[in-house]
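J.: coords please:
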Amino acid sequence: MTMYAISLGDDGAELRPLEPWQAEEFLAHVDRGREFIGRHNGLPDVITDLASSRAYLQAYADKAAADAGRICGIHWDGRLVGAVILRRMDIGQGTAEAGCWLEPEAAGRGLVTRAARALIDWAVEERGIHRVEWWVSSGNAPSIAVAKRLGMTRDGVLKESYLYRGVRYDEEIWSVLAPAWRAEKGTA
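T.: Residues are numbered from 1 along each chain as shown. Model (predicted):
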């Protein structure tokens, strides 16, 4: 039985919380997408075995308990194929940073956009977040496209600020403010 699943459409896609007891499934997911995910995301360098998978999910369980972040799995036809996260969430400041990843066979189906929309909507409407940010390597065109589809605007570029696997990359910051988010929802 799946508790707390949110339908992402009529194609079998759902958004579900990820918890430490799901560490084995999470590790298998990362293993399936390790090379694809690792092109722009350090997750595969962190999740290397069952213990690190459990620790990662426990860190997000701790963030959720502290109201400081969230992780939700994107399931497609019952299988974990990606995730959306609130890496940071500061209720007092009204700010959050969202992020995502997918396995390669799930890409191009709008799953991240739909999942991120649900998570951002929760952050804005339920937790009172005023500003949601999306930090992305300038070379990650698919993630930038998601930010655009979410109605975000590019705030700026941090030149060579992202050191990843020994190479420095430019990092873009995209954001959406709660009033614009609500206005966009009203027209969607």
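
J.: okay, CA-based contacts and neighbour counts for the rest of this
T.: Noted.

J.: now for the lowest-mean-pLDDT helix or strand in the chain, which elements pack on it?
T.: Lowest on mean pLDDT, DSSP states H and E among the helices and strands of the chain sits strand 6-7, with a mean of 79. Secondary-structure packing of strand 6-7 (3 or more Cα pairs under 8 Å, 6 or more residues apart in numbering; DSSP states H and E): strand 13-17.

J.: which residues of the protein score low on pLDDT?
T.: 1-3, 186-188 (pLDDT under 70).

J.: Name the surrounding residues that touch stretch 20-39.
T.: For stretch 20-39, contacts defined as Cα atoms under 8 Å, 6 or more residues apart in numbering pick out 43-45, 47-50, 53-58, 61, 80-82, 101-104.

J.: Quick one: the strands in the chain, in order.
T.: Along the chain, counting by DSSP state E, strands occupy 6-7, 13-17, 70-76, 79-90, 95-102, 131-137, 153-164, 167-177.

J.: measure Glu103 to Ala145 for me?
T.: Distance of Glu103 to Ala145, given as Cα to Cα, to the nearest Å: 17 Å.

J.: higher neighbour count, those two?
T.: Glu103 (19 against 13; other Cα atoms under 10 Å).

J.: Was I right to think that one contacts Gly82?
T.: Yes: judged on Cα atoms under 8 Å, Glu103 makes contact with Gly82 at a distance of 6.0 Å.

J.: For the nearest residue to Ala61 once chain neighbours are set aside, give me its contacts.
T.: Spatial nearest neighbour of Ala61, chain neighbours left out: Glu19 (6.4 Å); criterion: Cα to Cα, 6 or more residues apart in numbering. Applying Cα under 8 Å, 6+ apart to Glu19 gives the contacts 57-58, 60-61.

J.: Out of those residues, the closest to Ala180 would be?
T.: Among those, Tyr60 lies closest to Ala180 (Cα to Cα), at 27.9 Å.
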